[in-house]
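> Predicted model and sequence below, questions to follow.
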Amino acid sequence: MAEPSVPTAPSPPVAGPGDASVPPTAAQTDGADGARTGPETGAGQILAAVPGHVTPDGLPKLTRRRDDAILGGVAGGVADHLHVPVLWVRTTFVLLALTGAGVLAYALLWIFVPQRARSAQEPPAPASSLERQQAIGIAAVGVALLIAATALGLGPGLSWVLVPLGLAAVGGAFIWREADDARRARWRRTAAGIVGPSKSSLWRLIGGCVLVIGGLAVFALGQLDFNAVRSALIAVLLTLVGVAIITIPWWLRLVRDLGDERRGRVQERERAEIAAHLHDSVLQTLALIQRQPGDAREVQRLARSQERQLRTWLYGPAGYASAGEAQARPVSTLAVALSEAAGEVEDTYAIAVTPVIVGDVPMDQHLAALVAAAREAMVNAAKHAGVQEVSVYAEVEDGTASVFVRDRGSGFDPAAVGVDRRGLADSIRGRMERHGGTATVRSTPGEGTEIELSVSVSSGADSAADSAADSAADSAADSAQWSADQARQSAEGAPGQPSGQRFGQPSGQYPGRLDDPSREPADADAGPVGGTVQAHAETKGASR
Amino acid sequence: MSHPVNHPVRVFLVDDHALFRAGVKAELAGLEDDRIEVAGEAGSVGEAVVRITSNPPDVVLLDVHMPDGGGRAVLEQVHAALPDVVFLALSVSDAAEDVIAVIRAGARGYVTKTISGRELADAVVRVSAGDAVFSPRLAGFVLDAFSDRNGPVAVTDPELDMLSPREREVLKLLARGYAYKEIAAQLFISIKTVETHVSSVLRKTQKSNRYELSRWATDRRLV
């Protein structure tokens, strides 16, 4: 539909004189060696040597000839398919036409057998003049036989039926033949597909219509023995039938072409989407990995992060492979938020964080606090436990949402945590208490740490704007020790915060929001970790 | 099911990626763990069925995603005939439908390909001794499937379609990343009891007709 409407130049009528101007090329003869069906089928007859054109038995598929056809290419196609001379087939059709069955069979084959696809290197080939003479001869013999049969006493009544109907059939054949060669582009531009045919094609169309309608009208007039009203009704009815017959090939082909085209477009779009996604994600990551193959930690981090993204894209709730109904953006739920937080920690600190989440609820401000506290717990484990893996388990059960963050690292004595270590006190415990939840720390030096966080799930819905503002402020509190990725978020939550203060600034006070003591960066040691974060920020920037 | 201590567990690898098979073999060999020996490998469903049937190993490490039906096809063709061969599924994907499908087809455990060689060896030894291997994520899936979150479910067979409170506790600790030993300490039960609970959960996961489980096992095509 989007194509500009160029003047159409449909290919010249099949086997018309215009085709003779195109000489066969060398490529055409090369490709067709051995695929010829026999000497009788004509000089220009070529079967494209494509596997799709041949049945499993090695016979060419039954398709109507596009070139070298007299009427619709039906007889030629049948001859190719059966490996018999086309002359026999044509004679058979004409003889059968005397009984009427031949006409019907020919018409049905014309409608339902697809025209052979034109291969790229196959120019339209002319029918040999000898063959055309043959065909016309056969047709003439057929007509003569018909007339003779009529004259020989089958009665004048029969001729009244046969002659007009024969005329109508000839007209219909003309029109159908025109429809055959109409191009797909034309169907796209107009629903009816009769816009802008070439002049000769237009004349043929008009002639065909006149013959059909005229033939039917004469047939109807022949019935004038009955009373006039009835014959008028019959005339109208027959005209409608004529119109239906005229347009059958158009409708059939229109439906077929539209279906093909829609399928093609869908496939194309899908391919483009996959290609774009792979380019933006996997290829970029691979390029980054090639640039720094020596840094095992960085390579591992990149691989892990890429794997997680790809998996989300493939299998996530809005993922590529998930059923079509969930293609919309995922709603914000505890599971989504917690998985995102785990992913961020994984990216920033180059450790594996595997969240297991049972049950789910929509986010509210208390759950946002729960997620933020859980993230802080993961960060603590990543920084202090000295492990490569942190387990995160969340469940929503009986109106309570709980998160367990566990590592098998160095552990510590909860009673002996210094007052300067604000992360546990403020970012985790304080935050949970402000939102009516609890935080329990179980840790044994040498055996690891588990932090259990829980908060009740409110049944009433908080206002969305309220909870959004709250969670933005909460995340602003933590973002001081977060990667540069977080800059956008914290800038929204606390405008005016210069991004340069992000690393190793122990007094990163945010303006506003005085009621939130957790605002202060939870942990001021910006040693090797800060360095990693910085490196991460750079690679992230490069990967965009 | 259990093996004498002096007899190493014979492991058979099935994965359509030759590179991955080589990696696993090298990793298991590098452990110098005399509990395990690699007895053979196969790169396709058909090859696996023939070789496993002709010379049954103790444990089959089975890739979930392969052409011609994946690990589930191997399980379906071999498991009924050779019930003593234990299958441990191994996959990059930890999507619920894959995990549940192979478990229900008869695998006694599921681990992801990111598992370390040492953990893999432990898992192999454990399944060969008749235990089930539940990754935290698998435990999470099963908990989810047996929950009555979306209202009460029609329970046709309470023995199969419900988890006991104790089994639920064990599963939760598994999902939290606890080892069997730690679970035993936490719940004041023996490790043997923990193993019994986990095996019972595995059986219920395989046999229960709960919709959450059967849907995953039937609806999804595995490639």
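Noted; the coordinates are in hand.
> which one is the residue of chain B found nearest chain A nearest to, not counting chain neighbours?
The nearest approach of chain B to chain A comes at B:Gly177, 2.9 Å away (C-beta to the nearest C-beta). Backbone N, C-alpha and C define where each C-beta goes, glycine included. Excluding the flanking residues, the one nearest B:Gly177 by C-beta to C-beta, 6 or more residues apart in numbering or on different chains is A:Ser391, at 2.9 Å.
> part of a strand, is the one you found?
Yes: assessed with DSSP: H, G, I helix; E, B strand; the rest coil, A:Ser391 lies in a strand.
> Model confidence at it, what's the number?
pLDDT for A:Ser391: 89.
> likewise B:Val133?
Looking at B:Val133, its pLDDT stands at 86.
> Next, the buried residues of stretch B:180-198.
B:180, B:182-184, B:187, B:189, B:193-198 (16 or more other C-beta atoms under 10 Å in any protein chain shown).
> out of those, who's near chain A?
By C-beta under 8 Å from any C-beta of the partner chain, no member of these lies near chain A.
> ok, back up a step: give the contact list for the residue nearest to B:Gly177.
A:Ser391 makes contact with A:354, A:356, A:404-407, B:136, B:176-177, according to C-beta atoms under 8 Å, 6 or more residues apart in numbering or on different chains.
> ditto for B:Leu31
Residues counted as contacts of B:Leu31 (C-beta under 8 Å, 6+ apart) are B:117-118, B:121.
> can you pick the most crowded of those?
The most crowded member of those, judged by other C-beta atoms under 10 Å in any protein chain shown, is B:Ala121 (19 neighbours).
> The strand or helix carrying that one packs against which elements?
B:Ala121 belongs to helix B:117-128 when elements are defined using DSSP states H and E. Judged by 3 or more C-beta pairs under 8 Å, 6 or more residues apart in numbering or on different chains; DSSP states H and E, helix B:117-128 is in contact with strand B:9-14, helix B:18-30, strand B:36-42, strand B:59-63, strand B:86-91, strand B:109-112.
> beta partners for whichever residue of chain A sits closest to chain B?
In chain A, no residue comes nearer to chain B than A:Ser391, which is 2.9 Å away by C-beta to the nearest C-beta. Going by DSSP bridges, A:Ser391 is paired in beta bridges with A:Thr354, A:Arg406.
> hmm, back to that, report the distance from the helix holding B:Ala121 to the chain centre.
The chain centroid and the centroid of helix B:117-128 are separated by 11 Å, computed with C-alpha atoms, centre = their mean, to the nearest Å.
> neighbouring contacts of it?
Helix B:117-128 has contacts (C-beta under 8 Å, 6+ apart) with B:1, B:3, B:9, B:11, B:24, B:27-28, B:30-31, B:33, B:35-36, B:58-59, B:61, B:86, B:88, B:108-109, B:111, B:115, B:133.
> List only those of those residues flagged as buried.
Buried, going by 16+ other C-beta under 10 Å: B:3, B:9, B:11, B:24, B:28, B:33, B:36, B:58-59, B:61, B:86, B:88, B:108-109, B:111, B:133, out of the contacts of helix B:117-128.
> A:Leu98: which of the residues you listed is nearest?
The shortest approach to A:Leu98 among the buried ones among the contacts of helix B:117-128 belongs to B:Leu61, at 75.0 Å (C-beta to C-beta).
> Verify the contact between that closest one and B:Lys25 for me.
No: look at B:Leu61 against B:Lys25 with C-beta atoms under 8 Å: they stay out of range, at 10.2 Å.
> how many other residues sit next to B:Ala179?
Number of residues near B:Ala179 (other C-beta under 10 Å) recorded here: 14.
> Likewise for B:Gly69?
15.
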